[in-house]
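S.K.: return a 3D structure for these sequence lines:
(chains A, B, C and D)
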Amino acid sequence: MKRFLIWLALLAPLLTLGLFALSKGWFYPEPFPAQWTSQAFSRLLNDSRTLKAILDSLLLAFIVSLLSLIIGYPAAREIGLRDFPGKKYVWLAIFLPTVIPPLAIGMGLSILALQTGLAGTRLGIILAHIVPTLPYTVFTLAGVFARYDENYEYQALALGASPTRIFFTVTLRLLAPGLAVAGLFAFLISWSQYLLTLLVGGGRVLTLPVLLFSAVSGGNPTTISALSLLFLAPPVLIIAATARFLGENPNDIHERI
Amino acid sequence: MKRFLIWLALLAPLLTLGLFALSKGWFYPEPFPAQWTSQAFSRLLNDSRTLKAILDSLLLAFIVSLLSLIIGYPAAREIGLRDFPGKKYVWLAIFLPTVIPPLAIGMGLSILALQTGLAGTRLGIILAHIVPTLPYTVFTLAGVFARYDENYEYQALALGASPTRIFFTVTLRLLAPGLAVAGLFAFLISWSQYLLTLLVGGGRVLTLPVLLFSAVSGGNPTTISALSLLFLAPPVLIIAATARFLGENPNDIHERI
Amino acid sequence: MTTLTFTHITKSYPKRDTPVLDDFLLDVQSGELVSLLGPSGIGKSTLLKLIAGIERPDAGDIRFDGESVLSTAPNQREAVFMFQKAYLFPFLNVGENIAFGLKVKGFSTKERLIKVAEMLDLIGLPGIEKRPPNELSGGEQQRVALARSLVIRPKVLLLDEPFNSLDRPVRLSLQEAVRNIQRELGITTLLVTHDLDEAMAMSDRMALMMGGKVAAIDKPQRLFQKPPCVETAKFVGVKLFIEGVASSGTLVSAEWGKLKIEDEQKVGRSIFAIRPEHIRIQKEKCENALAGVVKNCVYRGTQIEMKIALGERVLRAHIPAKNEIMPAEEPVQVILPKEHLFAVN
Amino acid sequence: MTTLTFTHITKSYPKRDTPVLDDFLLDVQSGELVSLLGPSGIGKSTLLKLIAGIERPDAGDIRFDGESVLSTAPNQREAVFMFQKAYLFPFLNVGENIAFGLKVKGFSTKERLIKVAEMLDLIGLPGIEKRPPNELSGGEQQRVALARSLVIRPKVLLLDEPFNSLDRPVRLSLQEAVRNIQRELGITTLLVTHDLDEAMAMSDRMALMMGGKVAAIDKPQRLFQKPPCVETAKFVGVKLFIEGVASSGTLVSAEWGKLKIEDEQKVGRSIFAIRPEHIRIQKEKCENALAGVVKNCVYRGTQIEMKIALGERVLRAHIPAKNEIMPAEEPVQVILPKEHLFAVN
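M.R.: Numbers count the residues shown, from 1 in each chain, chains lettered A, B, ... in the order given. As a prediction, this is how the structure comes out:
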């Protein structure tokens, strides 16, 4: 019973959205919508602006997460595996942007972008997205490295493998789950950014969240709900995919992340 | 050198904000503002609307984090300490709202609030904030419980202490760091919510982030920067405070969170 | 001073096919230290949890001094624990840790101070009241945990592998200390361990658990030298079992030929056994001698472990280290002295 | 077949005041197994890392067959490891794990298959090529790790406490297996351990490390029975040291009186020692007898550990288990047989 209540609380907002997206009209106090339709979805999926926004968002999130992993890897390895004075403060500094409000960062970045002429460009948006994703990536990967055992690499070294070979045949394969989780997180953070995209892009780059945001003021609940569900699809799919990385002990999810 | 670059990248947005807030005008390509002033801050701090917004935000975040802890504790204990079928999926379900875009949740909640008549009320906003904070709290606390050892409680039990006494004299004290971290996270999430506050509150409850958000469209960069810095103060202070919970091994931060 | 009685205890877990404890019977005398030995997962720790009231038996009864405690709340049973880890409360100093149970029971500050000082003397760590637990070594933490448990004068002390995580020298000295304190205070004690040496050194009686029951229980010397059954014999390190037909001082075995035995009562199909350190290796033939060749010698300080091949079979003997290590393939006589051959069925 | 030479190796770490290795000297013969014993933090593992090239010495040289390897890259040194954990690559099956080094060295698939099968036979686990490492037991994983290291026929095998995390029976059988394979292949081996029994059972020679140097090195029997210095004696379990003045077969000690000794050469101020299992306890007086009373007897299966009080002093003796356990306060004679008293300075 306790567990059922947890589930219900977690899924209530999603269910409401789904009901709205498929309804023609639903008003309090009716427990369920009176009429059903899938018009909202078909309208959205036939609109080229929506499709382009989806592709743009996916591509942007993909590039951002890849760059975050490449830039974050050496820093995370240093922080996770080595001891050095002041390490504690580096940890805190990395942790900072993962919890401070994005709105505040956005203000700073938007001003910075205007100063450097990157405002309104895709490069500017990518760089802006990396500001919240990189610390998250480094934080996640450093945790992975803190549990990583270099002795695997030493074994390969003693068996004659060169450092490059070790990186590709041993290190990457051992770290694959950690890299995947860190990358997926970066992807999700970038995917759900509308604020930074709006502030730095100045409305010239339309991603799905930007579209959704503008729809909120004008559109009807059915359209907004359908758009929201489209927007939610990748995160839900990604979370479901991470289930693959879970071992028999469910508490592992904490260990892996 | 590598470490210096990490620091610079992390702090750049904050520094830009600081320079702007204290400048009278700063334009590309000047490396630093030409004139300095603290007008923006004094103007904000003399405005009763700003002060009320700060107090409202603090109170709201405090109530939300307290409720999250109280509601989340039994669920987290069950998930962290016990094994049951389907535990893996409960983990995932809890994890879901911590990464899915708040915009999408917001849509669902706003509709729900209108349907139930909670729109525009403080209670409605509190309940709306709990939607993102509760899963985060349960997730964090369940991780704490997964590393918790009930034998401490069994020792106290064998020594004659009653369950209530054990809860207050043993359990709470052992879990204090974990509860503090979970509570602080909930606080931060609530503190930085402008979207849910706007959508469910309908503009009738003005918190600091809502104020900042409306300033973005109209105000000048100096005011926005100063407001952003005010907005950033509690998160930065809170993060600095969590330094207290870090042991000698800096990687502990991962263990504690 | 409390006696401890288990009558027909049965306990199952949903995830296991067979019950962990199955009609388990045991009587522990007042002030006695009984050790429970056996492979892991055999239900030793479960038994302690049943006594403490953390779990409940499916059937059967547990009695302190003849009175059932099943309806007594766990915090009223006065059965204390000592685990592999000390579980000292990290937010209390050593003195406050030891005083925890006294405070619960309502002793005054003054009484608590006196009793804590007494216990610290008893465990050999006087004057450390003010130190935080994490500054103590593993062995010291365990001593403090013992003091915390015993200061409330419990009826029963439950030791759940309390020496496992300690280094050998610390382990030995703590075993001695716990044993001395237990004797001095006369507290009825159950010790769960999988370490035979530890059980032998500490117990009044050792109980070997198998299949949810006590398979054998006796004084350490008796169980070690003359184990009553094959399983027990294997557990205490016997490796050679000889099956044959016994009659009037002779055992006739298909595999090992005719051997003299002392046990005149034993007649018919029997299994005899001998401890590896009672097997003698020499050049000369004599009674109960078998011809073999050395396969392997391993030096172990006070003794040498030898592997001897007798045809297809391989036999292990432990001989005193004063002997020279013999080269492999050396022909030798293996003597199974009749006074050390004992029946195990 | 490779000899291994350390000349004047020095190694410090920034966080430590004294160097871990300080003018360390050692010669290991071709095919020999030398164990490095000593308390933790004494630099045993550091030494292995220096050989493998994971760390560099501050001064001194390491030579394989007389040639310095300090300028050789770690992956060219052919010095392989076996740690406490197997570190099998979880994403490869057993066969692919063993073939890892062969693949790096460019062996063909066919050669790899043959060599892997050979090694699996050698370690006693034939036919498990296709199994994933996590399905193997701890002992099996260690065997596979050994096979993976030895299949490339390395010059040197470095064993860093490889049996530590295993249960006693598995540990003993793996010790035997490693020792046999090492002998069969004749691979020069260093074994780091803190377990005296393990070192005695496996080594050709045992080296005891103290203060960054080798304090004593000899065959296990010699080091155990006649340790050359007080530190070594303490390490191998000697507890009784008698300081006095020796002359013509007599040691005169202020604390213990006059004792007969065999060592006629020793003259002047000396320290003599005796192993606890060489001390005899009896009722009758005889040569080198001291009167005492029993304090405590602990039964340990093959022997009984006794604590005897001689006035203020307490002495420990290990007597064979065939003796009866004596009650406390029983008066006894403690015999220190002169043939077992040896000089340690």
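
S.K.: from now on I want contacts and neighbour counts done on CA atoms only, so please keep to that.
M.R.: Noted.

S.K.: list the contacts for whatever residue of chain A ends up closest to chain D?
M.R.: Among the residues of chain A, A:Gly160 lies closest to chain D, at 4.2 Å counting by CA to the nearest CA. Listed by CA atoms under 8 Å, 6 or more residues apart in numbering or on different chains, the contact set of A:Gly160 reads D:74-76, D:78, D:101, D:104-105.

S.K.: surely it is in a strand?
M.R.: No: A:Gly160 sits outside any strand when classified using DSSP: H, G, I helix; E, B strand; the rest coil, being coil.

S.K.: just say helix, strand or coil for the residue nearest to A:Leu45 when sequence neighbours are not counted.
M.R.: Distance criterion CA to CA, 6 or more residues apart in numbering or on different chains; nearest residue to A:Leu45, sequence neighbours excluded, is A:Leu51 at 6.6 Å. Per three-state DSSP, the local secondary structure of A:Leu51 is helix.

S.K.: okay, A:Leu51 and A:Gly201: tell me how far apart.
M.R.: 19 Å (CA to CA, to the nearest Å).

S.K.: the two - which one has more neighbours?
M.R.: Comparing A:Leu51 with A:Gly201 by other CA atoms under 10 Å in any protein chain shown, the one with more neighbours is A:Gly201, at 24 against 15.

S.K.: surely the more buried one and A:Leu127 touch.
M.R.: No: applying CA atoms under 8 Å, one finds A:Gly201 not in contact with A:Leu127, separated by 11.2 Å.

S.K.: so who does the closest residue to C:Leu310 other than its chain neighbours touch?
M.R.: Leaving aside its sequence neighbours, C:Leu310 sits nearest to C:Gly292 (CA to CA, 6+ apart; 4.6 Å). Contacts for C:Gly292 (CA under 8 Å, 6+ apart) come out as C:308-311, C:331-334.

S.K.: just the pLDDT for residue 36.
M.R.: Since you didn't name a chain, this refers to chain A. Looking at A:Trp36, its pLDDT is 66.

S.K.: wait, chain C was what I had in mind.
M.R.: pLDDT, C:Leu36: 94.

S.K.: determine the three-state secondary structure at it.
M.R.: strand.

S.K.: so which strand or helix has residue 180?
M.R.: Let's take chain A. helix A:172-191 (DSSP states H and E).

S.K.: wrong chain, I was asking about chain C
M.R.: Residue-wise, C:Asn180 maps onto helix C:168-185 under DSSP H and E.

S.K.: pull up the gap between the nearest residue to C:Val230 once chain neighbours are set aside and D:Glu329, please.
M.R.: Closest residue in space to C:Val230, ignoring its immediate chain neighbours: C:Val344 at 5.7 Å, by CA to CA, 6+ apart. As judged by CA to CA, C:Val344 and D:Glu329 stand 36 Å apart.

S.K.: compare these two (neighbour count), which wins?
M.R.: Applying other CA under 10 Å to C:Val344 and D:Glu329 shows that C:Val344 carries more neighbours, namely 19 against 13.

S.K.: so the more buried one makes contact with C:Pro228?
M.R.: Yes: assessed by CA under 8 Å, C:Val344 is found in contact with C:Pro228 at 5.3 Å.

S.K.: show me where the stretch 1-150 of chain C has its strands.
M.R.: C:4-11, C:21-28, C:33-37, C:59-64, C:67-68, C:79-82 (DSSP state E, counting those that start in this stretch).

S.K.: can I get those in CSV including distance to chain D and mean neighbour count?
M.R.: Formatted as CSV, the strands of the stretch 1-150 of chain C follow (distance: least, CA to the nearest CA, whole Å; neighbours: other CA atoms under 10 Å in any protein chain shown):
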stretch, distance to chain D, mean neighbour count
strand C:4-11, 25, 20
strand C:21-28, 21, 19
strand C:33-37, 14, 25
strand C:59-64, 29, 19
strand C:67-68, 34, 13
strand C:79-82, 22, 26
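
S.K.: how about those strands, which one is nearest A:Gly108?
M.R.: Taking CA to CA, strand C:79-82 is the member of these nearest to A:Gly108, at 57.6 Å.

S.K.: show me where the stretch 101-250 of chain C has its helices.
M.R.: With helices called from DSSP state H, counting those that start in this stretch, the stretch 101-250 of chain C shows them at C:109-122, C:138-150, C:168-185, C:196-202, C:220-225, C:230-235.

S.K.: so how far is D:Pro320 from C:Ile279?
M.R.: 15 Å.

S.K.: now the helices of the stretch 101-250 of chain C in a markdown table, with distance to B:Glu150?
M.R.: Below are the helices of the stretch 101-250 of chain C laid out as a markdown table (distance: least, CA to CA, whole Å):
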| stretch | distance to B:Glu150 |
| --- | --- |
| helix C:109-122 | 25 |
| helix C:138-150 | 16 |
| helix C:168-185 | 25 |
| helix C:196-202 | 27 |
| helix C:220-225 | 34 |
| helix C:230-235 | 33 |
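
S.K.: can you pull the pLDDT of C:Arg280?
M.R.: On the pLDDT scale, C:Arg280 is placed at 91.

S.K.: likewise for A:Ala9?
M.R.: If you check A:Ala9, the pLDDT there is 57.

S.K.: repeat for A:Ile239
M.R.: The score at A:Ile239 is 64. That number is its pLDDT.

S.K.: same question for the one 4 residues further on.
M.R.: At A:Ala243 the predicted local confidence, pLDDT, stands at 57.

S.K.: now C:Thr302, nearest residue through space, not along the chain?
M.R.: The shortest distance from C:Thr302 to any non-neighbouring residue, by CA to CA, 6+ apart, is to C:Ala321 (5.2 Å).

S.K.: now do A:Thr37
M.R.: A:Leu22 (5.1 Å).

S.K.: the one you found: how many residues sit nearby?
M.R.: 20.

S.K.: where does chain A have low pLDDT?
M.R.: Applying pLDDT under 70 to chain A flags residues A:1-21, A:23-36, A:40, A:86, A:88-89, A:91-104, A:216-221, A:239-257.

S.K.: okay then, goodbye and thanks.
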